[in-house]
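1. Predicted coordinates and the sequence they were generated for:
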Amino acid sequence: MYKLSELEKSILLAFLALTKATAGKYLRKDDIVFKYAKRQRRNVEISIERLVKEKFLEKFPREERYALTEKGLKEASSLLVEGGKFWRIR
């Protein structure tokens with residue numbers, strides 16, 4: 001099982017908010033990347049590619065557009081319900 005980083009979680013939540021919880025609605029990469037600070041933008045691009053590789057996002061075949069998959073929608077929805085974790089249980 002793939003463990004999501006905090007940045008990847010925030011990207012999934014951004015997709016959830018911008019697509020209004022709709023799987024299959026494509027967004028340009030720039031719509032997501034420019035929501036983050038300049039120093040984080042390269043890391044956001046790398047994280048988007050990882051999310052595509054792990055099947056949380058899907059890439060439009062000919063353009064730099066991405067959409068949530070069903071797996072990504074479920075994960076983002078659970079993150080929204082679960083909320084932030086401020087401590088670790090060992």
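-> Received the coordinates, thanks.
2. Do a quick rundown of the helices in the protein.
-> Per DSSP state H, the chain carries helices over the ranges 6-18, 29-33, 41-53, 70-82.
3. Can you spell out which helices and strands pack onto the last one?
-> Think helix 70-82. For helix 70-82, the packing partners by 3 or more C-beta pairs under 8 Å, 6 or more residues apart in numbering; DSSP states H and E come out as helix 6-18. (Each C-beta comes from the backbone N, C-alpha and C, glycine too.)
4. Could you list the buried residues of the helix it packs on?
-> In terms of neighbour count (16 or more other C-beta atoms under 10 Å), helix 6-18 has its buried residues at 7, 8, 9, 10, 11, 12, 14, 15, 16.
5. Do I have it right that residue 27 meets residue 16?
-> No: counting by C-beta atoms under 8 Å, residue 27 does not reach residue 16; the two are 11.1 Å apart.
6. what's the residue most central in space within the chain in contact with, if anything?
-> The centre of the chain sits closest to residue 12, judged by C-alpha atoms, centre = their mean, with a distance of 2.6 Å. Contacts for residue 12 (C-beta atoms under 8 Å, 6 or more residues apart in numbering) come out as 4, 51, 56, 68, 72, 75, 76, 79.
7. Leaving out sequence neighbours, find the closest residue to residue 23.
-> residue 73 (4.6 Å; C-beta to C-beta, 6 or more residues apart in numbering).
8. Just give the number of residues close to the one you found.
-> 20 (other C-beta atoms under 10 Å).
9. ditto for residue 23
-> 17.
10. Quick check, residue 16 in contact with residue 78.
-> No: contact criterion C-beta under 8 Å: residue 16 and residue 78 do not qualify, at 10.5 Å.
11. picking up where we left off before, check the buried residues of helix 6-18 and tell me the two furthest apart.
-> The largest separation in those, counting by C-beta to C-beta, is between 7 and 16 at 15.0 Å.
12. Residue 32 and residue 70: what is the separation?
-> Note on residue 32: its distance to residue 70, by C-beta to C-beta, to the nearest Å, is 19 Å.
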